[in-house]
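Peer 1: coords below, sequence missing:
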DNA sequence: GCCTCTAACCTGTCTGACAGGTCGAGGGGG
DNA sequence: CCCCCTCGACCTGTCAGACAGGTTAGAGGC
């Protein structure tokens, strides 16, 4: 990897400058997740600002999960995490800037690629896990809450098997929306045949990934999302 | 749209609780971008916490671009914006949690879908804009800095033409990485033929979108990214 | 009715203080 | 000699009060 430069985000105030200084510190010292940052007092001395300013800068970075803060402990560099991104996207949906259907279109796009990559890169353990979850989903066919959690777990494993954490990050961020709309889609799957098809798609997907057949996996994922989106639209989800 | 519930993110402290209260306020009052929030003093009275706590909560939300804060003005609900997401992803790359290649794989996936959607949904004005930018790119073939900006503008227009702001959001977030690696890819396009192909791909893409031919647009986008990624790998980009 | 200007309001930053959590250096016990 | 426990230094979380500087709504003049 070559040199990268942090984007200038320092919007005017001293807090922005402090944020810049801290991210620069991370970059210049080539810190990795878990590494500790200077204390608030040390930074406030170094930057010639009050502790208030440093604290607000820390809070900002913690909100983006760039660093982690906790009482008594020094702030540390954080691992990427979808929590903040989920909040941002959720806010977009809540304020009518993004529709649920648009979220599903993005998810469909991403998950299709994930399916292909997973078919090519999954470990044996992941293949077995996917098949097991698909079986477990059928067993929970009459318990929507449980079924949803297994559905989400299925897609988590899939994302992990794609060997690209950015896919996992995005899917994880969209999961919050999924969780809130899942039951609507399920209820609108009126007939047993509809529900059976959903289970079959997951089984087919698991098999495609297990057998290392990307085309098959992508086809199953596409079919799954086509039905999901159709179900949401049928339920009147804008 | 049906009822959605904000994810519980209130990690322990009062600041987390304040964040929850503010997001709940936005949701309960169905606020949209531009609407004003209560003042810090009002919130601190209402929540029985000090202004410090409210301020840190505001900073956190501002970092995620959920609200906007400025001196003298009341905080307002913000429009979705890729700035925060860009910072998060950049941090992931800087701390070696995500590779540049992985970023490009995600971009390729997203942009291919964008190309298809843009071909179906673009306005006439956008079609003309894309063709114009493609022409302008050729004119800047010997000025890498200018060429890059036009390249980025091209993809921005494309994202807008997809009529799905979430695609624009993600592409915008990845743009920071793109900006920092673009010149590496360009330099590694050793021959004039390589560089010519890149221009041709953009022209072909613009034409595919203009003529409403999704398959053609997707094909051109795929070819473009295949070359871009090849160029980055050739340059030793991890 | 429109414009101007001011006073009230609001945010940005600083200071000092204290409660409570964390962690490592030493000392005591096995 | 090693392990465990304790304690003190260090650090973060929250509060209160203060003041500078920006913003805005409304009073008052034209």
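Peer 2: That came through, no problem. All values derive from a computational prediction rather than experimental measurement. Numbering: from 1, shown residues only, chains lettered A, B, ... in the order given.
Peer 1: now the angle between helix B:165-188 and the helix or strand residue A:167 falls within, please.
Peer 2: Secondary-structure assignment from DSSP states H and E places residue A:167 in helix A:165-188. Relative orientation of helix A:165-188 versus helix B:165-188 (axes from the mean of the first three to the mean of the last three C-alpha atoms, to 10 degrees): 160 degrees.
Peer 1: who touches residue A:168 in this structure?
Peer 2: Residue A:168 is in contact with A:82, A:156, A:159-160, A:162, counting by C-beta atoms under 8 Å, 6 or more residues apart in numbering or on different chains. All C-beta atoms are positioned from the backbone trio N, CA, C, and that covers glycine.
Peer 1: what does residue A:163 give?
Peer 2: A:117, A:121.
Peer 1: Quick check: PyMOL command selecting the buried ones in the contacts of residue A:168.
Peer 2: A single PyMOL command selects the buried members of the contacts of residue A:168 (16 or more other C-beta atoms under 10 Å in any protein chain shown):
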select buried, chain A and resi 82+159+160+162
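Peer 1: In helices, which of the contacts of residue A:168 fall?
Peer 2: Secondary structure from DSSP state H places A:156, A:159-160 of the contacts of residue A:168 in helices.
Peer 1: Closest to chain B out of those?
Peer 2: residue A:159 (11.8 Å; C-beta to the nearest C-beta).
Peer 1: thought that closest one was touching residue A:171?
Peer 2: Yes - in this structure residue A:159 lies within contact range of residue A:171 using C-beta atoms under 8 Å: 4.8 Å.
Peer 1: Distance check, the residue nearest the centre of chain A against DNA strand C.
Peer 2: Nearest residue to the geometric centre of chain A (C-alpha atoms, centre = their mean): residue A:172, 1.8 Å. Distance, residue A:172 to DNA strand C, using C-beta to the nearest atom of the strand, to the nearest Å: 26 Å.
Peer 1: Then residue A:173?
Peer 2: 27 Å.
Peer 1: My guess is that residue contacts residue A:91. True?
Peer 2: No - if you go by C-beta under 8 Å, residue A:173 and residue A:91 don't touch, sitting 11.6 Å apart.
Peer 1: Stretch A:50-65 and chain B, are they touching?
Peer 2: Yes - contact between stretch A:50-65 and chain B, assessed by C-beta under 8 Å from any C-beta of the partner chain, occurs at A:52, A:55-56, A:59-65.
Peer 1: and the two most separated of those?
Peer 2: Maximum pairwise distance in those, criterion C-beta to C-beta, is 22.2 Å, between A:52 and A:65.
Peer 1: picking that back up, what is in contact with residue A:159 and residue A:171 at once?
Peer 2: Here residue A:159 and residue A:171 have residue A:114 as joint contacts, going by C-beta under 8 Å, 6+ apart.
Peer 1: Between residue A:52 and residue A:65, tell me which one has more neighbours.
Peer 2: residue A:65 (19 against 15; other C-beta atoms under 10 Å in any protein chain shown).
Peer 1: before we move on, the earlier item: so can I have a markdown table of the residues of stretch A:50-65 next to chain B showing pLDDT, distance to residue B:97 and secondary structure?
Peer 2: Formatted as a markdown table, those follow (pLDDT from 0 to 100; distance: C-beta to C-beta, whole Å; DSSP: H, G, I helix; E, B strand; the rest coil):
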| residue | pLDDT | distance to residue B:97 | secondary structure |
| --- | --- | --- | --- |
| A:52 | 98 | 31 | helix |
| A:55 | 98 | 26 | helix |
| A:56 | 98 | 25 | helix |
| A:59 | 98 | 22 | helix |
| A:60 | 98 | 20 | helix |
| A:61 | 98 | 15 | helix |
| A:62 | 98 | 17 | helix |
| A:63 | 97 | 18 | helix |
| A:64 | 97 | 14 | coil |
| A:65 | 97 | 11 | coil |
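Peer 1: ok, and which of those residues reach DNA strand C?
Peer 2: A:52, A:56 (C-beta under 7 Å from any atom of the strand).
Peer 1: which among the residues of stretch A:50-65 next to chain B gets closest to residue A:95?
Peer 2: For the residues of stretch A:50-65 next to chain B, the nearest to residue A:95 is residue A:63 (17.8 Å; C-beta to C-beta).
Peer 1: burial count for that closest one?
Peer 2: 26.
Peer 1: Spit out the contact partners of residue A:64.
Peer 2: A:84, B:63-64, B:84, B:87-88, B:91.
Peer 1: rerun that using 10 Å as the cut-off
Peer 2: Residue A:64 makes contact with A:19, A:78, A:80-81, A:83-85, A:88, B:60, B:63-65, B:83-85, B:87-88, B:91, according to C-beta atoms under 10 Å, 6 or more residues apart in numbering or on different chains.
Peer 1: and what of residue A:233?
Peer 2: Counting by C-beta under 10 Å, 6+ apart, residue A:233 touches A:100-101, A:104, A:185, A:188.
Peer 1: What subset of the residues you listed is buried?
Peer 2: Neighbour-count burial (16+ other C-beta under 10 Å) is assigned, among the contacts of residue A:233, to A:100, A:104, A:185, A:188.
Peer 1: how about these in TSV, adding pLDDT and distance to DNA strand D?
Peer 2: What follows is the buried ones among the contacts of residue A:233, written out as TSV (pLDDT from 0 to 100; distance: C-beta to the nearest atom of the strand, whole Å):
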residue	pLDDT	distance to DNA strand D
A:100	95	33
A:104	96	37
A:185	88	38
A:188	84	42
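Peer 1: nearest to residue A:151, of those residues?
Peer 2: Closest to residue A:151, out of all of these and judged by C-beta to C-beta, is residue A:185, at 10.3 Å.
Peer 1: ok, and the closest non-adjacent residue to that closest one?
Peer 2: Excluding its sequence neighbours, the residue lying closest to residue A:185 (C-beta to C-beta, 6 or more residues apart in numbering or on different chains) is residue A:231, at 4.3 Å.
Peer 1: can you tell me how far that neighbour sits from residue A:134?
Peer 2: Going from residue A:231 to residue A:134 by C-beta to C-beta, to the nearest Å gives 19 Å.
Peer 1: Against which helices or strands is the strand or helix carrying residue A:105 packed?
Peer 2: Assigned by DSSP H and E, residue A:105 belongs to helix A:100-121. If you count contacts as 3 or more C-beta pairs under 10 Å, 6 or more residues apart in numbering or on different chains; DSSP states H and E, helix A:100-121 packs onto helix A:83-94, helix A:124-139, helix A:144-161, helix A:165-188, helix A:192-210, helix A:214-234, helix B:100-121, helix B:165-188.
Peer 1: Let's have the ones you listed in TSV, adding distance to residue A:30.
Peer 2: Shown next, in TSV, are those (distance: least, C-beta to C-beta, whole Å):
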stretch	distance to residue A:30
helix A:83-94	23
helix A:124-139	31
helix A:144-161	26
helix A:165-188	19
helix A:192-210	36
helix A:214-234	36
helix B:100-121	16
helix B:165-188	16
